[in-house]
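Undergrad: need a 3D model of the sequence below.
(2 chains)
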Amino acid sequence: MKDSLPGGISIMKQLLTGNEAAAEAAIQAGCRYYYGYPITPQNELINYMSIRMPEVGGAFIQAESEIAAISMVHGSAAAGGRAMTSSSSPGISLKQEGISYLAGSELPCVIVNIQRGGPGLGDISASQADYFQAVKGGGHGDYHTIVLAPCSAQEMADLVYDAFDLADKYRNPVLILGDAQIGQLMEPVEFHKKPKKNLPAKSWALTGAEGRKKNVVKSFYPVKGQLEEFNAHLQKKYRTIEEHEARYEAINIHKADVILVAYGTSARICKEVVKKSQQYKFKVGMVRPVTLWPFPKEIIRKVSERVECILTVEMSAGQMVEDVKLAVEGRCPVHFYGRTGGGVPTSLEIIKKIVEIVPDNRAANTLLQLAEVK
Amino acid sequence: MTEKIILAGFGGQGMMLLGKLLAQAAMADGKYVTYFPSYGTEVRGGTAVYYLIISNEEIFSPLIEEADTLIVMNQPSYQKYKDMLKPDGLLVLNSSMIKLNNLPEVKTYKIPATEIASKLGNVLVSNVVMLGAFLAIKKLFATHLILDQLQAMLKGKKGNLFSLNKQALESGMQVIKTA
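TA: The predicted structure follows:
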């Protein structure tokens, strides 16, 4: 099914993995520089790029290491190109130095992390244990990457496309935080032709200084006071991003007794619980953060004012739950259910946890009834 | 309608392709589809399992806690996944490679897929024989949707393999019709 319009815009639904959807979306967003080093479970992405990049006249390099790949991204981004790299957890750890330099040099780029189990070499199954690394910095210095968390192959395509615009708009690296399931799950994907955004020209890019003043791209400010001034500028930019770019999906939050907060793969399983609960008296709603940084604090604060409690579900030992608690500020109890090391929560486990945290027969009766309905 | 299918065999028996053909045909039929492969680090000779969900409604969790159908190609896969089938589920097994001491309580179809494929001249199409059998049992959608997918997949140098695959599909269907 390779039918496409001029410009490679497919008009047909294709059955693609999240990894392939990410790669094709990047191509369609104008990314012409991809550098990567293979690692499961993101290999479909690098494989797709190795075929597609030459077709569109772009650069594909299988680098000698993850650090080399992120450094190549630095070079292409500094020259004004749309550049991308991808890896999975252990490989993303290796890239942290480069990501800090990209943030410090204010270079736009897109980095995809298809998380696998950790710590260390871990395993190759789905995990969400890199949340802290993704949203709290990861590398050294006071910086943030914008973090987007898709929960389907279609959303992977949509968010990767948006990621390039966000990166250019704010001159900042954007991280796509998926997991082995989001990366490898095949689903129908449609690529919609999107209107071109009005983005600032890259007048800072290193394009050859003939006829103009030279540009400098750097993250080194050795003169006393300069670095503090630069940090103030970065923080101002981060506040603007926090104010304008937080995104979430809210489902049945208005009648809910309990709100689930989850992203990515965990969110899909939570959606199943939400859907099942709708025919009963005891209602479960959900807030799914689409941006993990900036975190959608406002909506979580709002729901915390009227629900009995909040349950955060993650494939980790409890990371995002800290941001949920910061948003709630003690307005209601915040509970946590998590699986680690490749374990994926089931809808039944989530229902049992809700019954445990709501000391109310009404909830117990309804939800256990609900568990019977498969 | 929601059909949750687990496909399992050893790496190389073509379960990935079998599921992909079903998924693409379902997509062409306007259905919602999720197709999730799950394999360990030891692919060659190891068990490969795939989770396929086809539905008229949006699919949330792509994982299968209880399957409507289990399609299995070899003994270890059968042992490993038989308990994931729901009590009134459907079991389609490759009887050339799975020997049962006692018949399972679920509805079972035994397809000598490896044998049939060998007779057709290529053991590699045993997966398509199983696909034919499954289509004839469940009738999820019209056969031509699968043939369209095969035709699209077997182009150029692989074009001569289309008729072999078509034969394999029909042979699988025939086993059910004459059963």
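
Undergrad: can you report how many residues lie near residue A:78?
TA: The criterion is other Cβ atoms under 10 Å in any protein chain shown. On that basis, residue A:78 has 21 neighbouring residues. Yep, even glycine has a C-beta here, placed from its N, CA and C like the rest.

Undergrad: is it correct that it is in contact with residue A:205?
TA: Yes. Taking Cβ atoms under 8 Å as the definition, residue A:78 is a contact partner of residue A:205 at 6.9 Å.

Undergrad: list the residues that contact both of those two?
TA: Taking Cβ atoms under 8 Å, 6 or more residues apart in numbering or on different chains as the contact rule, the neighbours common to residue A:78 and residue A:205 are residue A:217.

Undergrad: distance from the chain centre to the longest helix anywhere in chain B, please.
TA: Counting residues, the longest helix found in chain B (DSSP state H) is helix B:162-178. For helix B:162-178, the gap between its own C-alpha mean and the chain's C-alpha mean amounts to 13 Å (Cα atoms, centre = their mean, to the nearest Å).

Undergrad: what's the answer for stretch A:196-215, then?
TA: Average the C-alpha atoms of stretch A:196-215, do the same for its chain, and the two points are 28 Å apart (Cα atoms, centre = their mean).

Undergrad: likewise for stretch A:32-40?
TA: From the chain centre to the centre of stretch A:32-40 is a distance of 17 Å (Cα atoms, centre = their mean).

Undergrad: which outside residues touch that stretch?
TA: Outside of stretch A:32-40, the residues within contact range by Cβ under 8 Å, 6+ apart are A:23, A:26, A:45-46, A:49, A:53, A:56-66, A:68-70, A:72-73, A:76, A:81-88, A:90-91, A:116, A:124, B:41.

Undergrad: helix or strand for residue A:175, which one?
TA: Applying DSSP states H and E as the criterion places residue A:175 in strand A:173-179.

Undergrad: next one: residue A:352
TA: Residue A:352 is part of helix A:347-357, with elements assigned from DSSP H and E.

Undergrad: residues of the stretch 201-350 of chain A that sit close to chain B?
TA: A:268-269, A:271-272, A:275, A:344, A:346-348 (Cβ under 8 Å from any Cβ of the partner chain).

Undergrad: how about low-confidence regions in the stretch 201-350 of chain A?
TA: Scanning the stretch 201-350 of chain A for pLDDT under 70 picks out no residues.

Undergrad: does any part of the strand holding residue A:175 sit near chain B?
TA: No. No part of strand A:173-179 sits near chain B under the criterion Cβ under 8 Å from any Cβ; the closest distance found is 12.1 Å.

Undergrad: quick one on the thing from earlier: can you say which of the residues of the stretch 201-350 of chain A next to chain B are buried?
TA: Neighbour-count burial (16 or more other Cβ atoms under 10 Å in any protein chain shown) applied to those gives A:268-269, A:271-272, A:275, A:344, A:346-347.

Undergrad: adding secondary structure, write those residues out as TSV.
TA: Shown next, in TSV, are those (DSSP: H, G, I helix; E, B strand; the rest coil):
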residue	secondary structure
A:268	helix
A:269	helix
A:271	helix
A:272	helix
A:275	helix
A:344	coil
A:346	coil
A:347	helix
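
Undergrad: max pairwise distance over those residues: which two?
TA: In these, two members sit farther apart than any others by Cβ to Cβ. They are A:275 and A:344, at 17.7 Å.

Undergrad: just confirm residue B:8 is within a strand.
TA: Yes. The assignment for residue B:8, made by three-state DSSP, places it in a strand.

Undergrad: any idea how far it lies from residue A:299?
TA: Separation of residue B:8 from residue A:299 (Cβ to Cβ, to the nearest Å): 42 Å.

Undergrad: kindly report the same for residue B:67.
TA: As judged by Cβ to Cβ, residue B:67 and residue A:299 stand 37 Å apart.

Undergrad: out of the two, which sits in the busier spot?
TA: For residue B:67 versus residue A:299, the count of surrounding residues by other Cβ under 10 Å is larger for residue B:67: 22 against 19.

Undergrad: if I look at the more buried one, how far off is residue B:78?
TA: For residue B:67, the distance to residue B:78 (Cβ to Cβ) stands at 13 Å.

Undergrad: try residue B:131
TA: 18 Å.

Undergrad: what's the span of stretch B:4-16 from first residue to last?
TA: In stretch B:4-16, first residue to last residue: 15 Å (Cα to Cα, to the nearest Å).

Undergrad: between residue B:131 and residue B:78, which one's more packed in?
TA: Set side by side, residue B:131 and residue B:78 show more neighbours around residue B:131, with 29 against 21, by other Cβ under 10 Å.

Undergrad: show me what the host helix or strand of the more buried one is packed up against.
TA: Residue B:131 is located in helix B:126-138, with elements delineated by DSSP H and E. In terms of contacts (3 or more Cβ pairs under 8 Å, 6 or more residues apart in numbering or on different chains; DSSP states H and E), helix B:126-138 is packed against helix B:15-28, strand B:67-72, strand B:85-94, strand B:107-111, helix B:113-120, helix B:143-153, helix B:162-178.

Undergrad: what's the burial count for residue A:219?
TA: As a burial measure, residue A:219 scores 17 neighbours (other Cβ under 10 Å).

Undergrad: ok, it - contacts?
TA: Listed by Cβ under 8 Å, 6+ apart, the contact partners of residue A:219 are A:100-101, A:103-105.

Undergrad: let me know the angle separating the helix or strand bottoming out on mean pLDDT in chain B from helix B:15-28.
TA: The weakest-scoring helix or strand in chain B, judged by mean pLDDT, DSSP states H and E, is strand B:32-39 (a mean of 89). Following axes from the mean of the first three to the mean of the last three Cα atoms, to 10 degrees, one obtains 170 degrees for the angle between strand B:32-39 and helix B:15-28.

Undergrad: please parse chain A into its domains.
TA: What the record gives for chain A is the domain set A:4-244, A:249-372, from automatic domain parsing.

Undergrad: what does chain B put close to chain A?
TA: Contact residues (Cβ under 8 Å from any Cβ) of chain B with chain A: B:20, B:23-24, B:27, B:32-38, B:40-41, B:60-63, B:65-66, B:86, B:152.

Undergrad: where are the low-confidence patches of chain B?
TA: When the per-residue scores of chain B are filtered using pLDDT under 70, the ranges that remain are B:39-45.

Undergrad: switch the cut-off to 90
TA: Judged against pLDDT under 90, the low-scoring parts of chain B cover residues B:10-13, B:37-48, B:63, B:65, B:100-105, B:141, B:155-160, B:179.

Undergrad: same question, the stretch 51-200 of chain A
TA: Using pLDDT under 90 as the threshold, the predicted model of the stretch 51-200 of chain A has low-confidence ranges A:137, A:192-198.

Undergrad: can you map out the strands along it?
TA: Assignment of strands within the stretch 51-200 of chain A using DSSP state E, counting those that start in this stretch yields the ranges A:59-62, A:83-87, A:109-115, A:146-148, A:173-179, A:186-189.

Undergrad: any chance of JSON lines for those strands, columns mean neighbour count?
TA: As requested, those are exported to JSON lines (neighbours: other Cβ atoms under 10 Å in any protein chain shown):
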{"stretch": "strand A:59-62", "mean neighbour count": "16"}
{"stretch": "strand A:83-87", "mean neighbour count": "30"}
{"stretch": "strand A:109-115", "mean neighbour count": "30"}
{"stretch": "strand A:146-148", "mean neighbour count": "26"}
{"stretch": "strand A:173-179", "mean neighbour count": "29"}
{"stretch": "strand A:186-189", "mean neighbour count": "25"}
